[in-house]
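Participant: Got a predicted model here, sequence first, then my questions.
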Amino acid sequence: MTSRLTNIVIDAADPASLARFWCSVLGWEVAEQSSEGVSIAAPDRAWPVIDLLPVPEAKAGKNRLHLDLRADGTSTSDELQRLVGLGASTVDVGQSSDATWVVLADPEGNEFCLLSRSVQDLAP
């Protein structure tokens, strides 16, 4: 027996707003919403889901865990423009100038990366 990754949790000042951002980024939808937070999932409800939970304090410091994304069905540069248009911002967390990924932050400052090769580039 092993464990299975089912939920990724993101602390948020405004879970509903951050859920809308991540739904737009991933093409997901709200699966459940209550005063305890918002869960978003792929349309087929496959695991993992992302739970956005309310916290009173603002994010402080660099994330110790982050998501890595790849463009799917578009170029990486077009996906970068789309993500910024949705409200992401590029950030410097100390990555080298020749890094093959772009570090971004969601509207509440949680870092994530857009990797240089698209999903299609990885296909055999």
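Facilitator: Yep, that arrived.

Participant: For the chain, give me the ranges with low pLDDT.
Facilitator: Low-confidence segments of the chain, defined by pLDDT under 70, are absent; every residue clears the threshold.

Participant: so what are the domain limits for it?
Facilitator: Following the assignment in automatic domain parsing, the chain carries domains at 6-55, 62-124.

Participant: Next, format these as CSV and append mean neighbour count.
Facilitator: Where you see a C-beta, it was placed from the backbone N, CA and C, and this is true even at glycine. Compiled in CSV, those are given as follows (neighbours: other Cβ atoms under 10 Å):
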stretch, mean neighbour count
domain 6-55, 16
domain 62-124, 14
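
Participant: could you pull out the helices for the protein?
Facilitator: Remark: helices assigned in the chain by DSSP state H are 15-26, 76-86, 119-122.

Participant: Identify whichever of these lies nearest to Ser35.
Facilitator: With respect to Ser35, and counting by Cβ to Cβ, the nearest of those is helix 15-26 at 9.8 Å.

Participant: chain center to that closest one: distance?
Facilitator: Counting by Cα atoms, centre = their mean, to the nearest Å, helix 15-26 is centred 9 Å from the centre of its parent chain.
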